[in-house]
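1. A predicted structure for the sequence below; I have some questions about it.
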Amino acid sequence: MTPNTFKYQRIDMKAIQVQQFGGPEVLDYKEVEKPNPGPGQVLVQIKSAGVNPVDTYILTGTYARKPNLPYTPGMDGAGIVDAVGQGVTQVKIGDRVYVEGAITGTYAEFCLAAENHVHLLPSSLTFSQGAALGVPYGTAHYALFSKAKVKKGETLFIQGGSGGTGVASIQLAKAFGLKVIATAGTERGLQLIKQIGADHALNHKDPNYLEGLLNLTQGKGADVILEMAAHINLGKDLTVLAFNGQIVIIGSRGPVEINPRDIISRNGAILGMISLKRTDEENNAIHKDLWNYLKNSSLNPVINQEIPLKEVAQAHKTVMMPGAHGKIVLIP
């Protein structure tokens, strides 16, 4: 009697792979093996993957997070649950979900994620909007509520309000009850800021735009400033900060010189943050709260471009260009 034999059959998928660190030119579109979920893991068929500036920093190999090579980039995505591992109870096959903090990378047709990093996606949002939730809205929530600990009625100034995190910050702040003043560098960006609910929009290319902020606050300044480009703006931010105010630095691409007297005289604080270092407990609390905002339609991610996965290099170049206008996503 011939014993039964099992022949392993590899199933492939399209994905982006990085064999060496570098610029957009190292992003390789190829076939790789489709992963299988282990205990506590979820396999998601990706319909849209979010592109974040942090993805480009990680790609260089010089960021705080340095993945082992080869790797597939991408932390954010949205799609349909394809399979679940042993012990998974929060989602089931066929559910519409968004992913934040994927295990295998979302720049692919399928990705693996831990169960607590997969969240139900409301039917009111598209998959591309779901792919815009993880890093931008998680970052905005962490900056506002965990770092700055904002209070209703405070004045929030967002330096860079038309990008993915800027849009998220405006929507969360308005839903919570803050007065919001935000900047952009194009007429299109200024219109977007107003459309999504900011009380005032200022053009940061105007040399006198900070005087506009002081005029809008009757000389008081902003209680909280969210800063997306500290290497450009931090020194100027300190001159328009309210007494006892706080600046939360979300992004910076280099060093900056400041006058410490500006922060001393205002009894202020400069806070740094890195979303990738959040604990599971912090992350779970953030996305539980985001679900409440999503259910009542307070959050509505804005999509700038949907780019085919194979054109990922162009997406990485675009996400770093000035004049942001919502989120850039990849479509497998």
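-> Now that the structure is in, tell me what you want to look at.
2. just so I have it, where are all the strands in the stretch 201-332 of the chain?
-> For the stretch 201-332 of the chain, applying DSSP state E, counting those that start in this stretch gives strands covering 222-227, 241-249, 269-272, 303-308, 327-331.
3. what about the closest residue to residue 162 other than its chain neighbours, which helix or strand?
-> In space, residue 162 comes closest to residue 189 once its chain neighbours are excluded; the distance is 3.5 Å by C-beta to C-beta, 6 or more residues apart in numbering. C-beta here means a position set from N, CA and C on the backbone, and glycine is covered the same way. In this assignment (DSSP states H and E), residue 189 forms part of helix 187-195.
4. give me the low-pLDDT residue ranges for this protein?
-> Counting by pLDDT under 70, the chain has low-confidence residues at 1-9.
5. what's the single longest strand in it?
-> When the chain is scanned for its longest strand (criterion: DSSP state E), the result is strand 41-51.
6. Distance check, the closest residue to residue 138 other than its chain neighbours against residue 224.
-> Taking C-beta to C-beta, 6+ apart, and ignoring the residues beside it in sequence, residue 138 has residue 286 as its nearest neighbour in space, at 5.5 Å. Distance of residue 286 to residue 224, computed by C-beta to C-beta, to the nearest Å: 18 Å.
7. And these two? Which one has more around it.
-> Here residue 286 and residue 224 are compared on neighbour count by other C-beta atoms under 10 Å; more neighbours surround residue 224, at 25 against 21.
8. Please report how far the more buried one lies from residue 37.
-> Distance from residue 224 to residue 37, by C-beta to C-beta: 41 Å.
9. Check the contact between the residue nearest to residue 138 and residue 278; I expect there is one.
-> Yes: with contact taken as C-beta atoms under 8 Å, residue 286 and residue 278 are classed as touching, separated by 7.5 Å.
10. list the residues that contact both of these two?
-> 138, 142 (C-beta atoms under 8 Å, 6 or more residues apart in numbering).
11. related to what we said a few turns ago, residues contacting the residue nearest to residue 162?
-> Contacts for residue 189 were tallied using C-beta under 8 Å, 6+ apart; they are 161-162, 323-325.
12. between those residues, which has the most around it?
-> The most neighbours of any of the contacts of residue 189, using other C-beta under 10 Å, belong to residue 161, which has 31 neighbours.
13. how about the nearest residue to that residue, chain neighbours excluded?
-> Nearest non-adjacent residue to residue 161, counting by C-beta to C-beta, 6+ apart: residue 182, 2.8 Å away.
14. What does the one you found show for phi and psi?
-> As for residue 182, its main-chain torsions (degrees, to the nearest 10) stand at phi -140, psi 160.
15. What's the separation between it and residue 61?
-> Per C-beta to C-beta, residue 182 is found 33 Å from residue 61.
16. Which one's more surrounded, those two?
-> When residue 182 is set against residue 61 and neighbours are counted by other C-beta under 10 Å, the residue ahead is residue 182, at 30 against 14.
17. Name all residues that make contact with that one.
-> With contacts defined as C-beta under 8 Å, 6+ apart, the neighbours of residue 182 are 157-158, 160-162, 166, 169-170, 193, 198, 200-202.
18. May I see these arranged in JSON lines, with secondary structure and distance to residue 229 as well?
-> Putting the contacts of residue 182 into JSON lines (DSSP: H, G, I helix; E, B strand; the rest coil; distance: C-beta to C-beta, whole Å) gives the following:
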{"residue": "157", "secondary structure": "strand", "distance to residue 229": "13"}
{"residue": "158", "secondary structure": "strand", "distance to residue 229": "11"}
{"residue": "160", "secondary structure": "coil", "distance to residue 229": "6"}
{"residue": "161", "secondary structure": "coil", "distance to residue 229": "12"}
{"residue": "162", "secondary structure": "coil", "distance to residue 229": "13"}
{"residue": "166", "secondary structure": "helix", "distance to residue 229": "11"}
{"residue": "169", "secondary structure": "helix", "distance to residue 229": "14"}
{"residue": "170", "secondary structure": "helix", "distance to residue 229": "17"}
{"residue": "193", "secondary structure": "helix", "distance to residue 229": "16"}
{"residue": "198", "secondary structure": "coil", "distance to residue 229": "18"}
{"residue": "200", "secondary structure": "strand", "distance to residue 229": "19"}
{"residue": "201", "secondary structure": "strand", "distance to residue 229": "17"}
{"residue": "202", "secondary structure": "strand", "distance to residue 229": "15"}
